[in-house]
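Asks: Build me a structure from this.
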Amino acid sequence: MLQSINLQKTRLVKLYVGVTQLLDGFSTWLPQLFLRSLLAWEFLESGLEKYHGQNWFSDITFPFPLNLLPADYSWGLATFFELVGAVALLIGLGTRFFTMSLMILTVVAILTVHWPEHFGSLFEFLKGYRIVDEEGDGFGNYKLPLMYLVMFLPLLFGGAGKLSVDYWLKARVL
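Replies: Model (predicted):
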């Protein structure tokens with residue numbers, strides 16, 4: 001009986017080790033590919049919306065020093081980085097540069113569009129941690145852009161992964 005239990009434990013351990021080794025094989029490219037693809041999709045959608053839409057940046061009050069740039073210039077810069085950055089992320093080219101660029105763009109978006117208009121306490125500030133901004137309540141909606149920032153961190157610190165142009169170039173150049 002005890003020998004049968006030990007045999008089952010050994011099989012279970014071997015199964016666990018086998019599954020973990022299989023997952024480890026995917027860990028160098030699959031999670032990064034999924035993150036890059038999801039973020040690329042989101043920023044491409046936003047960039048295309050800006051490219052085909054009207055400049056609504058002139059209706060926003062940008063905080064200092066962001067208000068030093070004309071609204072048209074900011075609009076063009078945001079559109080460029082969302083479109084080009086999305087394509088670069090998708091193929092894994094210049095991943096760390098475009099990750100940092102899109103992170104900066106996201107922080108600017110949080111500060112200008114998604115941040116609460118007013119809050120007197122931490123509780124009121126946390127009301128803005130949501131996806132949809134309810135009209136007129138002033139609590140903002142910074143949850144989704146904050147999630148994007150967190151999703152960018154593995155790409156910033158770990159790079160694009162093995163299934164990327166960055167990896168291919170690094171293997172060929174260095």
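Asks: which residue ends up closest to the midpoint of the protein in space?
Replies: Centroid check for the chain by Cα atoms, centre = their mean gives Tyr148 as the closest residue, at 3.4 Å.
Asks: neighbours around the closest residue to it other than its chain neighbours, how many?
Replies: The shortest distance from Tyr148 to any non-neighbouring residue, by Cβ to Cβ, 6 or more residues apart in numbering, is to Thr106 (5.4 Å). C-beta: built from backbone N, CA, C; applies to glycine. Using other Cβ atoms under 10 Å, Thr106 has 21 other residues around it.
Asks: Three-state assignment for Gly85, please.
Replies: At Gly85, secondary structure determined by DSSP: H, G, I helix; E, B strand; the rest coil is helix.
Asks: Verify the stated contact: it with Ser101.
Replies: Yes. Between Gly85 and Ser101 there is a contact under Cβ atoms under 8 Å: 5.8 Å.
Asks: okay, the two: which has more neighbours?
Replies: The neighbour comparison of Gly85 against Ser101 (other Cβ under 10 Å) goes to Gly85, with 24 against 18.
Asks: so how far is Phe139 from the residue nearest to the more buried one when sequence neighbours are not counted?
Replies: Nearest non-adjacent residue to Gly85, counting by Cβ to Cβ, 6+ apart: Phe98, 4.2 Å away. If you measure Phe98 against Phe139 using Cβ to Cβ, to the nearest Å, the figure is 31 Å.
Asks: Just want to know which of these two has more residues nearby.
Replies: Neighbours were counted for Phe98 and for Phe139 using other Cβ under 10 Å; Phe98 has more, 25 against 20.
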